[in-house]
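Q: structure of the sequence below:
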Amino acid sequence: LKNVLLLIADDLRPNLNVSYHQPYMHTPAMDEFAGSALTFDRAYTNFAICSASRNSFLSGRVPDKTRVWNFINYFRQSGLSADGSTGADWLSLPELFKAHGYVVLGHGKTYHPNKPPNNDEPRSWSQEQPYVPLTSTGCPKSPDGHQLRFCPDVGKKGSTDQSDFSDYNTTMSALTTLRAYANGSKPFFIALGLHFPHQSWATPAWAVQKYDATTLAAAVHTDAPSGAPDIAFTAELDGDDTLALDESNPLLSPSAPAAARGGVRTFACPRPGNNTVPLWAQRQLRQGYYSAVTHSDWLLGKMIDELSSLGRADDTLVVVTADHGWQLGEHAEWGKHTNWELALQVPLLIRAPWLPASMGKHTGSYFELIDLYRTVASLAGIDPAAIAADVDGSDASQLLAAPATTLKTEAYSQYSRCPGDRFWPKR
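A: Got it, this is the predicted structure:
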C-alpha cells in the first residue's frame, strides 16, 4: 500500500503558471510539482459550492445521493442510495483508508466546517491525534458594515506576522503530523484543506507585491451571454451582495484613480447586463485573488518538500485539487454559485512516482471530482472489490500509466437556485 497526501484548496480555479499555462501567476511550488505529476486539463466539480462538493467527493456519492445542495444538511444525515443504504452506512474516502489499516489524519478545510459535524470525527479520522480544525483570518468590515474583500498585509488584529494569515498555522500543524507519522508502523493518509484562495483576501505583502494591479488583465467577457436565462446567474458573493475595498490601504491606493483614494469604495455585485465594478477595482480584486493563490502555493510546497526531506516522496501518492473554481468578473460574476465553466473547472495534479509515464505529462480526458474516491484508492493499492457498489465515479488510475488515453469525454455538474431571494439576478 502507498501513502497518501491529499491537498485541497478552496475556490481555486486553474490559475497556475506552468500546469495551466497562466504565465502571469507566481506559483513556483506548483510549477515544480507539475514536472513530476500528471496534470488533468479537464477536471470539474459536480457542484460549485463548498459543502455540496466536499460532501460529494469525500463520500464518493453524487449530490443526488448525498442530497446536499446547500449548507443545511450533510451526507451522514441525508444521504440515500438506490440500494437502500444511507449516508450513516457509507464509508467516506478517509474512512475507507482507515478500514485498510492506515493512520488517517486531517487538517483544515477538508469537509466544509460542521458539515458533517466535527469534521466527521471519529468516523473519518484516526484517533492517534484530534482533527485539526480550520482556522482562517479575513478582512474586517468597513465602518458602514460592508465586508472588505481584499485587505493586503492586514492579518489577525492588524498584525503582519506570518502566523496571523490564513492557513499558515494549519499547515504548520500538518507538517508536524507528517513528521510524526511519515515513518511509523502504518501507512499514512494525511489530508490538508486550505482556506485560501476563498475570500476575503487578507494576504501578506510579499504575495501581493508579486502582482501589479495597474497592469493585470481583467475578464474578457464581463457581460451575461445574450439569451441566457436569469436563473443561470446570481448576484451573491458568499452570502452578501457587495464588494468593498479600503483605498486608504497603502498597497491598494496606488492602483486606484486619485478620486477613489483615501476611503472605502463599495460596489453592488453585478447583475446580468449591469457590470457595476470599474476596471481599476476589477484589477485590484484579481490582485487579491492571485495573491491568495500565491500564498497557498507557498504552503502546499512546504508539504510536498517535506515528503522528500522525510524520504517518503517515492512511495506517497500526492493529490492537489480544489472543491470548485471561481469567477473573477467573467459573465458579471464574482464567485462560484453558477454552472459556468470557471465556477466548475478545478486544478487536479496527481503524482504517483511508481508510474513514471505520468510525470510532467497532461491528460485531456475529462475527470469529475466524484472520480477521486475510486482513483485515489486504486492508485494507493486498495482492491477495487473493497469499494461499495453504490460508490459513484470512475477509476481513472490508468491515465497515470497512459496519459494519452481518453476515458471520459464529458463531465456533469448541477446547481440549485432559490427563486425570489435577494440574490435573484433580475435585470
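Q: strands of the stretch 151-300 of the chain, start to end?
A: Along the stretch 151-300 of the chain, counting by DSSP state E, counting those that start in this stretch, strands occupy 188-193, 242-246, 264-268.
Q: which other helices and strands contact the longest one?
A: Spelled out, that is strand 188-193. Where contact means 3 or more C-beta pairs under 8 Å, 6 or more residues apart in numbering; DSSP states H and E, strand 188-193 is packed against strand 3-9, helix 93-99, strand 103-108, helix 168-181. In this view, the C-beta of every residue, glycine as well, is placed from N, C-alpha and C.
Q: okay if I get the ones you listed as JSON lines plus distance to Ile190 and mean neighbour count?
A: As requested, the helices and strands packed on strand 188-193 are exported to JSON lines (distance: least, C-beta to C-beta, whole Å; neighbours: other C-beta atoms under 10 Å):
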{"stretch": "strand 3-9", "distance to Ile190": "6", "mean neighbour count": "24"}
{"stretch": "helix 93-99", "distance to Ile190": "10", "mean neighbour count": "22"}
{"stretch": "strand 103-108", "distance to Ile190": "5", "mean neighbour count": "26"}
{"stretch": "helix 168-181", "distance to Ile190": "6", "mean neighbour count": "19"}
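Q: so for Ala219, which of those sits nearest?
A: strand 3-9 (20.9 Å; C-beta to C-beta).
Q: mind listing what that closest one pairs with, with the direction of each?
A: strand 188-193 (parallel), strand 316-322 (parallel) (DSSP bridges).
Q: quick one: mean pLDDT for the first one?
A: When pLDDT is averaged over strand 188-193, the result is 98.
Q: circling back to that earlier point, of the helices and strands packed on strand 188-193, which is nearest Asp230?
A: Once those are compared by C-beta to C-beta, strand 3-9 is nearest, at 30.5 Å.
Q: report all helices and strands that the helix or strand just after the closest one contacts.
A: Per DSSP states H and E, the first helix or strand lying C-terminal to strand 3-9 is helix 28-34. Contact analysis of helix 28-34 by 3+ C-beta pairs under 8 Å, 6+ apart lists helix 279-309, strand 316-322, strand 348-351 as its packing neighbours.
Q: ok, now with 6 Å
A: helix 279-309 (3 or more C-beta pairs under 6 Å, 6 or more residues apart in numbering; DSSP states H and E).
Q: so which of the helices and strands packed on strand 188-193 gets nearest Cys269?
A: strand 3-9 (23.1 Å).
Q: how far out from the middle of the chain is that closest one?
A: Relative to its parent chain, strand 3-9 has a centroid offset of 12 Å by C-alpha atoms, centre = their mean, to the nearest Å.
Q: which regions of the protein lie under the pLDDT threshold?
A: 420-421, 424-427 (pLDDT under 70).
Q: and the strands of the stretch 151-300 of the chain, which is most packed in?
A: Stretch with highest mean neighbour count among the strands of the stretch 151-300 of the chain: strand 188-193 (a mean of 26; mean count of other C-beta atoms under 10 Å).
Q: got the angle between that one and helix 279-309?
A: 170 degrees (axes from the mean of the first three to the mean of the last three C-alpha atoms, to 10 degrees).
Q: show me the contact partners of strand 188-193.
A: Residues outside strand 188-193 that contact it (C-beta atoms under 6 Å, 6 or more residues apart in numbering): 3-8, 97, 102-110, 174, 177-178, 181.
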